[in-house]
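**Student:** Okay, predicted coordinates and the sequence, questions at the end:
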Amino acid sequence: MQPQKGGAVAGRPPWTARGPFGVRRTEPMTTADELVHDALADVIASDPRNGGVVARAVTELTGNGGRRLVVDVSDLAAGKSRLDVFRVLLMLASEQKDSDHDTVELACRGEPRFTLQGEGFRALGREYGTQNPISLVRRFPGLLNHLDGSAAYPKWDGGFLTVALQEFREFRDAHDRWYVNTLRPAETARDDAPQTALATR
C-alpha cells in the first residue's frame, strides 16, 4: 500500500480527526496514522483476550507543533472487562515505548475524556511485563489529567491498604468515565483479577 501525495495512504477510508484547534475534520489517514493504527490492530490481534475490544489510534499534530496519540475506544463486546481494555492500552504503550508523542488522549467514540503525558505512557509500556500488574493498575489514575491539564485524581497519603483501595476505586472510575458510561450506561463491566487479566503471554 503506497502513500498518496501529502502522505495519505491509498485504499484507506477517510479518518475523522481533530485539527490543531480542536475542530473535527475528515481527512485521509496519513502514513504516521497508518503505523500507529496498525500497531494497535496488531496488539488486539496478538492476544485472544483482546478480542471484543474495538478501538483505533491516530497521531495528531497539536497547536504548538507537538504530537498527540489518540486512543479511541468505540465498542466493547459483552463480557469484556476494564482490565481487558487496560491490557490493550499497556500493550500499545509497550509497542510505542520509543515513540515521540508529547501527550496521549483517551477518547470514546470520538469524544476526548482524559490526557496523560507521553513519557508517563511510555513508562507504562516499558514496565508492562516486568512490573507487578497491580502496581500498574494503582499508578494509572495518577497519570491522568482532565482536558484542561489539571490532575484527574489527587495524590493520597496514608497507610498502604487505605491508599491502595482508593487507587483501585479510581482505576474503576477512570475507565467508567473513559468508555464504560458511554458504551454500557446500564451495565457494569466485568472485572477480573489484575494478576490474571494483565499477565503477558
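**Tutor:** The structure has been received and is ready for your questions.

**Student:** Tell me how many other residues surround residue 48.
**Tutor:** Neighbours of residue 48 under the rule other C-beta atoms under 10 Å: 8. For glycine as for every other residue, the C-beta is placed from the backbone atoms N, C-alpha and C.

**Student:** And for the one 10 residues further on?
**Tutor:** Using other C-beta under 10 Å, residue 58 has 23 neighbouring residues.

**Student:** who does the one helix or strand it maps to pair up with?
**Tutor:** Using DSSP states H and E, residue 58 falls within strand 53-61. Strand 53-61 has the following strand partners under DSSP bridges: strand 67-76 (antiparallel).

**Student:** The partner strand: what's the following helix or strand?
**Tutor:** helix 82-95.

**Student:** Measure how far that following helix is from the centre of its chain, please.
**Tutor:** Distance of helix 82-95 from its chain centroid, counting by C-alpha atoms, centre = their mean, to the nearest Å, is 7 Å.

**Student:** now do stretch 156-175
**Tutor:** Worked out by C-alpha atoms, centre = their mean, stretch 156-175 lies 20 Å from the chain centre.

**Student:** got the CA coordinates for stretch 173-190 in PDB?
**Tutor:** Output in PDB follows, covering the C-alpha atoms of stretch 173-190 (Å, rounded to 0.1, in the frame of the first residue of the first chain):
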ATOM      1  CA  ASP A 173     -13.900   5.300  38.000                       C
ATOM      2  CA  ALA A 174     -11.400   6.300  35.300                       C
ATOM      3  CA  HIS A 175     -12.400   3.500  33.000                       C
ATOM      4  CA  ASP A 176     -16.100   4.200  33.600                       C
ATOM      5  CA  ARG A 177     -15.600   7.800  32.700                       C
ATOM      6  CA  TRP A 178     -13.400   6.900  29.700                       C
ATOM      7  CA  TYR A 179     -15.800   4.500  28.000                       C
ATOM      8  CA  VAL A 180     -18.000   2.300  30.200                       C
ATOM      9  CA  ASN A 181     -20.600   5.000  30.900                       C
ATOM     10  CA  THR A 182     -20.900   5.600  27.200                       C
ATOM     11  CA  LEU A 183     -20.900   2.100  25.900                       C
ATOM     12  CA  ARG A 184     -22.700   0.400  28.800                       C
ATOM     13  CA  PRO A 185     -24.800   3.000  30.600                       C
ATOM     14  CA  ALA A 186     -27.000   0.400  32.300                       C
ATOM     15  CA  GLU A 187     -24.400  -2.300  32.700                       C
ATOM     16  CA  THR A 188     -21.300  -2.800  34.900                       C
ATOM     17  CA  ALA A 189     -18.300  -4.100  33.000                       C
ATOM     18  CA  ARG A 190     -16.800  -7.300  34.400                       C
END
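
**Student:** Pull out the buried positions in it.
**Tutor:** Going by neighbour count (16 or more other C-beta atoms under 10 Å), the buried part of stretch 173-190 is 174, 175, 177, 178, 179, 180, 182, 183, 189.
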